[in-house]
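>>> Sharing a model prediction with you, sequence too.
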2 protein chains.
Amino acid sequence: MSATLYYFDGRGKAEIVRLTMAAANVPFTHEIIREKKQFETMKADGKLLFGQLPLVEYEGQLLVQSGSMVRFFASKGNLLGSNEQEKLKIDILFEGTRDFNNFFMSYGFNGFNEVLDNAKAKALPKYLPIYNSLLNKNGSTGYLVGSKMSIADIGLLEVVLTIEELLGEKELEPYPEVQNFLKNMKSNDLISNYLKSELRPRKNDEKYVTEVKSVLY
Amino acid sequence: MSATLYYFDGRGKAEIVRLTMAAANVPFTHEIIREKKQFETMKADGKLLFGQLPLVEYEGQLLVQSGSMVRFFASKGNLLGSNEQEKLKIDILFEGTRDFNNFFMSYGFNGFNEVLDNAKAKALPKYLPIYNSLLNKNGSTGYLVGSKMSIADIGLLEVVLTIEELLGEKELEPYPEVQNFLKNMKSNDLISNYLKSELRPRKNDEKYVTEVKSVLY
């Protein structure tokens, strides 16, 4: 069953949903919102429960709230853990990646270099040692918890891909387990196919920021 | 099995965890963090994965991230929904209450009246009609989804209690379903016993704000 994702032409709050759908092997198409009129029509039609994007239409259901979407599609792809202990750990580590990733969410919206400087000063030295150590403790599985992929890995992948692209892979050199993790995740066919596809949006640029603002304000 | 919650002497990010443990009938005690030294010791002992509070110790496990804790204890109390559809809806409506509640999270930290004025202007007129309508659509059950309590209800309860206390019940008058909901939730023994207990912290005041800042900074 195919899903339809409604979002701006960028990563933002939808990217973790795209990555999860890709890893769960849920096919999806993308309806790009470029104009205020589209957004207002969706709201007027009652499609957006809280008046916010992203929205995913799936089997006649209207899904909002990115965390909820992640958990919903992850349950279909068995990405939430195999027992109570794993589920708890995966949930906690996933939430940590959301805090980490939030440092990059306003890239372009609160400046470009300003956001990166702040992330480099505050987020990388806080979170990268933690996740490097967690990966190390979980041995050579290549994943954060247990021996298979989970949303904890998908969440970490999102932010590590961002660091690699926006700050350079040099930032990851002090964290060899994170480097191995990135390599391992990229070698996964479902992830790799998604990242190479047209469904993966480009990084935020001036054009994107202007377009989003014109829809929202 | 009893749980121990470590947090400041206030509601903050721990209150949703307290309410969920109460509703799930998980007994807990509270270790109040009043001094920087306590906080630094917990971090040095490796108890705080991300260096943040709240922490819950439960059966030898160290739980962090309030959303993860809520889902963990809610699963023990069957507060997550009975089938896939309910689980999805409850997750979405719970996340919406977090966005709603966030408007009040900085009460006292970004001023007192300033936070309330902003919430009154932006959050109440956005979220109260939505939740009033959802309650209406779910009929006379008194709950948001299905016919029993879920974390969606507990999340909404937290913010509606805050509105009642900080802004006055008059603010709820245009939303009769929300008023009935509040009355219904308060009549639940587990909730009512918690709210009357010493475990329910007082609302934020100058003393609390000063104490939290002295621990964190």
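That came through, no problem. Residues are numbered from 1 along each chain as shown, chains lettered A, B, ... in the order given.

>>> Now do the helix or strand containing A:N184, average pLDDT.
For A:N184, the host element (DSSP states H and E) is helix A:176-186. For helix A:176-186, mean pLDDT rounds to 97.

>>> Packing partners of that helix?
helix A:124-137, helix A:151-166, helix A:189-196 (3 or more CB pairs under 8 Å, 6 or more residues apart in numbering or on different chains; DSSP states H and E). Backbone N, C-alpha and C define where each C-beta goes, glycine included.

>>> buried stuff in that helix?
A:E177, A:V178, A:Q179, A:F181, A:L182, A:N184, A:M185 (16 or more other CB atoms under 10 Å in any protein chain shown).

>>> cool, and stretch A:94-104?
By 16+ other CB under 10 Å, the buried positions in stretch A:94-104 come out as A:F94, A:E95, A:G96, A:T97, A:R98, A:D99, A:F100, A:N101, A:F103, A:F104.

>>> out of those residues, who's nearest A:P27?
A:F94 (23.0 Å; CB to CB).

>>> could you point out which element follows the longest helix along chain A?
Ranked by number of residues, the top helix in chain A under DSSP state H is helix A:84-105. Next in sequence after helix A:84-105, counting helices and strands by DSSP H and E, comes helix A:113-118.

>>> pLDDT averaged over that next one, what's the number?
Per-residue scores along helix A:113-118 average to 98.

>>> ok, A:G10 - contacts?
For A:G10, the contact set (CB atoms under 8 Å, 6 or more residues apart in numbering or on different chains) comprises A:P201, A:R202, A:N204, A:Y208, A:V212.

>>> same thing with A:N138?
By CB under 8 Å, 6+ apart, the neighbours of A:N138 are A:L144, A:V145, A:G146.

>>> With B:E59 as the reference, measure out to it.
Distance from A:N138 to B:E59, counting by CB to CB, to the nearest Å: 21 Å.

>>> correct me, but A:A24 touches A:K76?
Yes. Using CB atoms under 8 Å, A:A24 is in contact with A:K76, at 5.2 Å.

>>> and the two? which has more neighbours close in?
Remark: of A:A24 and A:K76, A:A24 carries more neighbours, 20 against 16, as counted by other CB atoms under 10 Å in any protein chain shown.

>>> Let me see the backbone angles for that one.
phi -90, psi 0 (degrees, to the nearest 10).

>>> Would you list the phi and psi of the residue nearest to it when sequence neighbours are not counted?
Excluding its sequence neighbours, the residue lying closest to A:A24 (CB to CB, 6 or more residues apart in numbering or on different chains) is A:G77, at 2.6 Å. With angles defined as degrees, to the nearest 10, A:G77 sits at phi -100, psi 10.

>>> what's the neighbour count on A:G77?
There are 19 residues near A:G77, going by other CB under 10 Å.

>>> what sits against it?
A:G77 makes contact with A:T20, A:A23, A:A24, A:N25, A:V26 under the criterion CB under 8 Å, 6+ apart.

>>> ok, so of those residues, who is nearest A:M69?
For the contacts of A:G77, the nearest to A:M69 is A:T20 (7.3 Å; CB to CB).

>>> now the closest one: how far from chain B?
Using CB to the nearest CB, to the nearest Å, one obtains 14 Å as the distance from A:T20 to chain B.

>>> And the pLDDT at that residue?
98.

>>> Let's verify it: helix, strand, or coil?
Assigned with DSSP: H, G, I helix; E, B strand; the rest coil, A:T20 falls in the helix class.

>>> A:V115 touches A:F104, doesn't it?
Yes. Assessed by CB under 8 Å, A:V115 is found in contact with A:F104 at 6.6 Å.

>>> and the end-to-end length of stretch A:115-134?
26 Å (CA to CA, to the nearest Å).

>>> Give the residue spans of chain A that score low on pLDDT.
Low-confidence segments of chain A, defined by pLDDT under 70: A:1.

>>> Grab the nearest non-local neighbour of A:L124.
Here the residue nearest A:L124, using CB to CB, 6+ apart, is A:E171, at 6.2 Å.

>>> and that neighbour, how many neighbours does it have?
A:E171 has 17 nearby residues by other CB under 10 Å.

>>> thinking it is in contact with A:T162, fair?
No. The pair A:E171 / A:T162 is not scored as a contact, 10.6 Å apart, by CB under 8 Å.

>>> Figure out the helix or strand that the most centrally placed residue in chain A lives in.
Nearest to the geometric centre of chain A sits A:I16, at 2.3 Å (CA atoms, centre = their mean). According to DSSP H and E, A:I16 maps onto helix A:15-23.

>>> Now do that helix: distance to the chain's middle.
6 Å (CA atoms, centre = their mean, to the nearest Å).

>>> Also stretch A:177-190?
15 Å.

>>> How about stretch A:81-99?
Centre-to-centre, stretch A:81-99 and its host chain are 15 Å apart (CA atoms, centre = their mean).

>>> what do you get for stretch A:68-86?
For stretch A:68-86, the separation from the chain centroid amounts to 15 Å (computed by CA atoms, centre = their mean).

>>> how about the residues of chain A near chain B?
Residues of chain A found near chain B (CB under 8 Å from any CB of the partner chain) are A:49-51, A:61, A:63-65, A:67-68, A:71-72, A:75, A:84-85, A:88, A:91-92, A:94-96, A:99, A:126-127, A:130.

>>> Filter these down to the buried ones, ChimeraX style.
A single ChimeraX command suffices to select whichever of the residues of chain A next to chain B are buried according to 16+ other CB under 10 Å:
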select /A:49,50,63,64,65,67,68,71,72,88,91,92,94,95,96,99,127
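
>>> How many neighbouring residues does A:N78 have?
12.

>>> Quick one: classify it as helix, strand or coil.
What three-state DSSP gives for A:N78 is coil.

>>> show me the contacts for it.
So A:N78 contacts A:K148 (CB under 8 Å, 6+ apart).

>>> Quick check: phi and psi on it?
Given degrees, to the nearest 10, the pair of backbone angles that A:N78 has is phi 50, psi 50.

>>> Next one: it from chain B, what distance?
Taking CB to the nearest CB, one finds A:N78 at 14 Å from chain B.

>>> Wait, A:M149 touches A:S82, no?
No. Counting by CB under 8 Å, A:M149 sits too far from A:S82 to count as a contact (11.9 Å).

>>> Can you pick out the residue with more neighbours from these two?
A:M149 (25 against 14).

>>> need the contact list for that one.
Residues in contact with A:M149 (CB under 8 Å, 6+ apart) are A:A23, A:L79, A:Y143, A:M185, A:N188.

>>> what does A:R18 give?
Here A:R18 is in contact with A:L5, A:R11, A:F28, A:Y194, A:L199, A:R200 (criterion: CB under 8 Å, 6+ apart).

>>> contacting residues for the closest residue to the fifth one other than its chain neighbours?
The reference is to A:L199. Spatial nearest neighbour of A:L199, chain neighbours left out: A:H30 (5.9 Å); criterion: CB to CB, 6+ apart. Contacts of A:H30 were listed using CB under 8 Å, 6+ apart, and they are A:T4, A:L5, A:Y7, A:L199.
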